[in-house]
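**Q** coords please:
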Amino acid sequence: MGRGKAGIVQLSLDMDVPILPVAHHGGERIWENIRRFRRTPFHFRAGEAFKIRFDGSPDRKQREEIMDEVMGQMARLLPENMRGVYAEQAERESKYLEFLS
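**A** This next block holds a predicted model:
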């Protein structure tokens with residue numbers, strides 16, 4: 001996983017809408033498999049919907065912290081070896097996320 005962009009944080013706060021984390025993997029071998037006429041298994045996982053809880057407007061540092069939590073939720077849906085820079089964040093408790101279930 002690469003770094004997330006913090007714009008989704010402000011968009012979610014402005015619109016007051018939940019976020020549903022979805023992750024997929026398997027496509028990284030598609031071209032190798034196509035050349036050999038093999039099927040490529042794709043895996044899709046959806047996590048638990050959540051809203052960002054924050055009173056007021058977050059500053060840049062807070063938006064980045066919230067984005068890290070959002071990306072951590074997506075990283076949880078991937079195998080450990082694919083979590084990239086969010087491997088540690090996937091195991092942390094959320095400070096800014098309110099789960100809807």
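
**Q** right, and Leu77 touches Met71 too?
**A** No. In this structure Leu77 lies outside contact range of Met71 using CB atoms under 8 Å: 10.8 Å. Placement of C-beta: from N, CA and C, glycine included.

**Q** If you count surrounding residues, which of these two has more?
**A** The neighbour comparison of Leu77 against Met71 (other CB atoms under 10 Å) goes to Met71, with 23 against 19.

**Q** Tell me which helix or strand comes right after the strand or helix carrying that one.
**A** Secondary structure from DSSP states H and E places Met71 in helix 60-75. With elements assigned by DSSP H and E, the helix or strand that comes after helix 60-75 is strand 97-99.

**Q** For that next one, buried residues please.
**A** Neighbour-count burial for strand 97-99, counted by 16 or more other CB atoms under 10 Å, picks out Leu97.

**Q** Could I get the CA-only coordinates of the helix holding Met71 as CSV?
**A** Provided in CSV are the C-alpha atoms of helix 60-75 (Å, rounded to 0.1, in the frame of the first residue of the first chain):
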residue,chain,number,x,y,z
ARG,A,60,-3.2,19.4,8.4
LYS,A,61,-1.6,17.2,11.0
GLN,A,62,-4.9,16.0,12.3
ARG,A,63,-6.1,15.2,8.8
GLU,A,64,-3.0,13.1,8.2
GLU,A,65,-3.6,11.3,11.5
ILE,A,66,-7.2,10.6,10.5
MET,A,67,-6.0,9.5,7.1
ASP,A,68,-3.6,7.1,8.6
GLU,A,69,-6.4,5.5,10.7
VAL,A,70,-8.6,5.2,7.5
MET,A,71,-5.8,3.6,5.6
GLY,A,72,-5.1,1.3,8.6
GLN,A,73,-8.6,0.0,8.3
MET,A,74,-8.0,-0.8,4.6
ALA,A,75,-4.6,-2.4,5.5
